[in-house]
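>>> Need coordinates for the following:
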Amino acid sequence: MMKTGERWHCTNAACRCSILVEATGETEGKNPLCACGSVMKKQYAPPVFQYLDFLRFPEPLPTRQDSPED
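Presented below is the predicted three-dimensional model:
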């Protein structure tokens, strides 16, 4: 499934053509083909783990300790 706004690139090292999808389209379980005949792949986007953000605790503020006077 190709969605609007996605970037796809050619897997052929000599070509490396890139396209920006302007209209949503569907290819029956196959990646689209480049003009050179090679398969195109969607640009990789690393996963974002926002559901783990609750594990982050704010760092404690440094406390000022007065030195005991003798």
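>>> which intervals of the protein have sub-threshold pLDDT?
Filtered on pLDDT under 70, the chain yields the residue ranges 26-28, 49-54, 56-60, 65-70.
>>> Just want the most central residue of it.
Centre of the chain computed as the mean C-alpha position; nearest residue by CA atoms, centre = their mean is Ala45, 2.0 Å away.
>>> Distance of Leu61 relative to Leu55?
20 Å (CB to CB, to the nearest Å). Quick note: C-beta positions are derived from backbone N, CA and C, even for glycine.
>>> what's the distance between stretch 22-35 and the middle of its chain?
From the chain centre to the centre of stretch 22-35 is a distance of 20 Å (CA atoms, centre = their mean, to the nearest Å).
>>> got the buried residues for that stretch?
Across stretch 22-35, burial judged by 16 or more other CB atoms under 10 Å covers Cys34.
>>> contact partners of that stretch?
Met1, Met2, Lys3, Thr4, Trp8, Cys10, Asn12, Cys15, Cys17, Val39, Met40, Lys41 (CB atoms under 8 Å, 6 or more residues apart in numbering).
>>> Quick one, which of those residues are buried?
Buried, going by 16+ other CB under 10 Å: Met2, Trp8, Cys10, Met40, out of the contacts of stretch 22-35.
>>> Which two among those residues are spaced furthest apart?
Pairwise distances across those (CB to CB) peak at 14.4 Å, for the pair Met2 and Cys10.
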